[in-house]
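Prediction below, plus the sequence it came from.
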Amino acid sequence: MSNPTLRQISMLELIPRAPLKTYSRELKEKLSERGYEVDERTIQRDLVSLERVLPLICDDRDKPYGWSWAETGLGIQAPAMDPVEALTLSLAEQYLEPIMPNASFKRIGYFFKRANSVLKETSPRLISRWRDRVRVLPEMLRFKNPILNKSAEQALYKATFEGLQIKALYRKRGDNYSSLRHIHPLGLVMKGSINYLICMMNEDKENPRYLPLHRFERVEILDEKICEPKDFDLDEFTHVNNLSFEYSKKLYTFKALFDFTAAAHLMETPLNGTQKIKKQPDGRLLVSARMTDTLQFEQWLKGFGSDVEILAPIELRAKFKKLAKDLIKKYDD
């Protein structure tokens with residue numbers, strides 16, 4: 001294929017967003033895979049020309065020069081976004097921001113910027129009115145996100161995606177210094193405000209472990225494929241290591257008496273499709289449902305305080321009974 005316009009569009013699609021970068025030789029190889037045979041000099045001329053009209057960045061501190069889209073640049077935006085799509089994305093932004101890790105949210109931020117730009121062009125007043133009249137309130141306590149090294153985070157995502165080993169400077173909790181580790185990334189887990197790398201260490205290739213991403217100071221991706229334990233299962237690992245909210249995947253029959261005012265919303269927003277609810281002579285609500293044994297559900301129940309009495313399962317009732325006794329000991333004068 002010799003069409004220069006199509007070749008340049010393909011080339012622009014191959015350029016990553018900062019802080020990542022690519023080089024003319026890499027672009028030449030990838031364009032060749034797409035059927036465009038072109039020399040490096042032509043690619044360099046195209047990049048210089050396009051840099052004048054597009055938010056491209058040239059890192060000319062060392063040779064070969066590295067190229068990337070500006071971190072805040074919108075890149076290639078096609079097809080055009082209509083106002084309804086923009087409005088939907090604007091609402092998604094408000095919903096996702098409170099529940100997503102800050103670093104992950106920023107990775108898709110340019111989509112939301114584009115949506116807001118479309119809304120402003122359609123009607124300058126529409127976006128401000130939308131912001132003033134719509135609220136998304138999280139149901140969980142949101143902790144401040146830890147500070148992440150952006151280049152290290154990018155490298156960890158890339159290595160995990162491609163199944164490549166890494167060498168990294170990692171600082172253990174409580175240490176004032178970092179140490180060099182040879183690591184085999186197996187997966188990523190996002191829990192609340194912290195992201196974890198599930199991995200193997202070179203010195204222990206049998207026992208996976210989890211490391212918070214914000215403790216990585218520098219990451220170098222190696223060309224070697226990871227060594228993965230036989231029959232490794234990410235769900236099982238997160239359960240065994242208490243990274244997930246699940247205590248068990250087994251269902252149990254939950255029964256409890258709730259104060260009517262505290263739990264009246266369950267009549268409109270049931271726990272799930274198995275829920276049954278019956279008003280008692282004393283005004284309380286008897287609620288039953290088939291539930292998964294999770295920490296999240298227990299924490300939700302604890303939020304009702306004395307407005308809930310657990311009836312079943314017996315093990316859960318015993319937990320709350322012990323909690324009540326412990327609280328009495330703490331607060332009994």
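Perfect, thanks for sending it.

can you point me to the longest helix in this protein?
Scanning the chain for the longest helix, with DSSP state H as the assignment, gives helix 314-331.

just how off-centre is that one within its chain?
35 Å (CA atoms, centre = their mean, to the nearest Å).

elements contacting that helix?
Secondary-structure packing of helix 314-331 (3 or more CB pairs under 8 Å, 6 or more residues apart in numbering; DSSP states H and E): helix 295-302, strand 308-312. Every residue, glycine included, has its C-beta placed from N, CA and C.

which residues touch the last one?
When you say that, I think you mean strand 308-312. Residues external to strand 308-312 that are found in contact with it (CB atoms under 8 Å, 6 or more residues apart in numbering): 252-259, 262-263, 301, 316-317, 320.

Neighbours of the closest residue to Lys158 other than its chain neighbours, how many?
In space, and not counting its chain neighbours, Lys158 is closest to Ile221: 6.4 Å by CB to CB, 6 or more residues apart in numbering. Ile221 is flanked by 17 other residues according to other CB atoms under 10 Å.

got it, and Glu37?
Glu37 has 10 neighbours, counted by other CB under 10 Å.

so Cys58 bridges to which residues?
Going by DSSP bridges, Cys58 is paired in beta bridges with Trp67.

what's near enough to touch it?
Applying CB under 8 Å, 6+ apart, the residues contacting Cys58 are 47-48, 51, 65-67.

how far away is it from Leu20?
For Cys58, the distance to Leu20 equals 14 Å [CB to CB, to the nearest Å].

Please apply the same query to Gly109.
Applying CB to CB to Gly109 and Leu20 gives a distance of 16 Å.

contacting residues for Leu180?
167-169.

What I need now is the residues you listed written out in CSV, including distance to Glu85 and pLDDT for each item.
Compiled in CSV, those are given as follows (distance: CB to CB, whole Å; pLDDT from 0 to 100):
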residue, distance to Glu85, pLDDT
Lys167, 43, 95
Ala168, 40, 95
Leu169, 42, 94
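
For Leu74, give me the pLDDT.
Per-residue confidence (pLDDT) for Leu74: 62.

cool, the one 4 residues further on as well?
According to the model's per-residue confidence, Ala78 sits at a pLDDT of 55.
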